[in-house]
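Q: Got a predicted structure plus its sequence, pasted below:
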Amino acid sequence: MVLGKFRKGLERTRNRISQALKRLAGDQSAEISLEALEEILYTADVGPLAGELLEEVEKKYKKGDFSGTGEMPQFLRQRLSGLVQGPDDQAKPLSRADKGPSVILIVGVNGSGKTTSVAKLVHWYQSHGCQVLVAAGDTFRAAAVEQLTIWCQRLNTELIRAPHGADPAAVAHDAAEAALARKADVLIVDTAGRLHTQKNLMQELEKVSRVISRKIDGAPHEILLVLDATTGQNAVQQARRFQECVPVSGLILAKLDGTAKGGAVLSVGRELKLPVKFVGLGEQLDDFEVFNPQEFVDALLEPQEA
Ligand SMILES: Nc1nc2c(ncn2[C@@H]2O[C@H](COP(=O)(O)OP(=O)(O)OP(=O)(O)O)[C@@H](O)[C@H]2O)c(=O)[nH]1
Ligand SMILES: [Mg+2]
């Protein structure tokens, strides 16, 4: 079950907050519960949001809106799940072309989890009956094409690739043509990791996107930014800079399993007004879920089992 996956993936974050949550469970003094809440919010790394929420709760206490602290977890649940946006349609988290191939461009900084997310996304589409083609747009890192080749062999999907050092825009061009020729449902384009400070590389991304749009109407249909959840609040900065360069349409939050800062999702979603489309919860193909804000918050706040 999905909730089970979220729970497992968020174990680290949840372990850290469960103690504080326990202190909230009984009817405690306002002081103790505010302290506990503060602990929850800071350990989960929800960012500037923490201060705002604390203030709000303090006011509620003063006004007598909380009869007992037992109401606090429920309040927190409602408030947090309203902050972060998931896909509008859980069954169809990604935009589709009206006809012809849908193109998904995957971008992000070095090592954020792009290539793994490409493989997971292929697997996800395949499980929904789609024929998928992949473009190895990372021609920069020597082992990148090899890594993607192994994934594509496992997934039994065709990979459009070029020699090391080739122009990624040329790969994208060839891949778009191949997707049209094969009547593929989906083309997923992997790209090299880049820092927002590397101007040439950021421009290269624009070029890749432009080339695809010339070949296929309305493409890329999604530009997904892959963020490493373990970077916490830094992810917000990264995302802003990528947004300045290409019209990012959504986020994939990778490595949520490896962090105690799972709450960063909440502030990333809120600050950027970008939906979190998927989360990565491990290194396997199956460790990938459509993001559901309510389930996420439930998994985050669920008390630790004894
Ligand atoms: N635990 C965990 N590890 C992940 C997840 N996603 C990716 N990884 C690991 O993170 C490392 C980097 O992943 P890649 O997919 O190669 O990242 P990338 O963004 O393509 O990296 P570059 O192409 O070098 O920029 C690999 O060891 C992956 O196995 C995830 O959701 N959870
Ligand atoms: Mg990669």
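A: It's in. Ligands and ions are numbered 1, 2, ... in the order given.

Q: okay, CA-based contacts and neighbour counts for the rest of this
A: Will do.

Q: so where do the strands sit in this protein?
A: When secondary structure is read from DSSP state E, the chain shows strands at 102-107, 132-137, 158-160, 186-191, 222-228, 250-254, 276-280, 288-290.

Q: Next to ligand 1 in this structure, residues from the chain, please.
A: Proximity of the chain to ligand 1 (CA under 6 Å from any ligand atom) is limited to residues 109-116, 192-193, 254-255, 257-258, 280-283.

Q: Now the buried members of those.
A: Burial of the residues of the chain next to ligand 1 was assessed by neighbour count (16 or more other CA atoms under 10 Å); the buried members are 109, 112-116, 192-193, 254-255, 257-258, 280-282.

Q: Any idea which of those residues the model trusts least?
A: Taking pLDDT as the measure, those have their low point at Gly258 (75).

Q: residues touching that one, list them.
A: Shown here is Gly258, whose contacts under the criterion CA atoms under 8 Å, 6 or more residues apart in numbering are Gly9, Arg12, Ala229, Thr230, Leu281, Gly282.

Q: Quick check: helices, which of those residues are part of them?
A: Gly9, Arg12 (DSSP state H).

Q: so which of the contacts of Gly258 comes closest to ligand 1?
A: Top of the list for closeness to ligand 1, among the contacts of Gly258 and by CA to the nearest ligand atom, is Gly282 at 3.3 Å.

Q: tell me the contacts of that closest one?
A: Neighbouring residues of Gly282 by CA under 8 Å, 6+ apart: Gly9, Lys255, Leu256, Asp257, Gly258, Phe288.

Q: go with 7 Å
A: Lys255, Asp257 (CA atoms under 7 Å, 6 or more residues apart in numbering).

Q: Ok, Thr139 next?
A: Thr139 touches Val145, His164, Gly165, Ala166, Pro168, counting by CA under 7 Å, 6+ apart.

Q: tell me the least confident of the residues you listed?
A: Taken together, the contacts of Thr139 show their lowest pLDDT at His164, with 89.

Q: Quick check on that one: phi, psi?
A: Backbone torsions of His164, given as degrees, to the nearest 10, read phi -50, psi 130.

Q: and the gap between it and Ala136?
A: Between His164 and Ala136 the distance, using CA to CA, to the nearest Å, works out to 10 Å.

Q: Settle it for me: which of those two has more neighbours?
A: A direct count of neighbours by other CA atoms under 10 Å for His164 and Ala136 places Ala136 higher, at 26 against 15.

Q: Just to check, that one is in contact with Gln147?
A: No. Using CA atoms under 7 Å as the test, Ala136 is too far from Gln147 to be in contact (9.7 Å).

Q: sorry, back to before: tell me the buried residues within the contacts of Thr139.
A: When neighbours are counted using 16+ other CA under 10 Å, these contain these buried positions: Val145, Pro168.

Q: which among the contacts of Thr139 gets closest to ligand 1?
A: Out of the contacts of Thr139, the member with the shortest distance to ligand 1 (by CA to the nearest ligand atom) is Val145, at 9.4 Å.

Q: gap between the closest one and Gly9?
A: 28 Å.

Q: bridging residues for Ile106?
A: With DSSP bridges applied, Ile106 shows beta-bridge pairing to Leu224.

Q: same deal with Phe288?
A: Assessed by DSSP bridges, Phe288 has beta-bridge partners Gly280.
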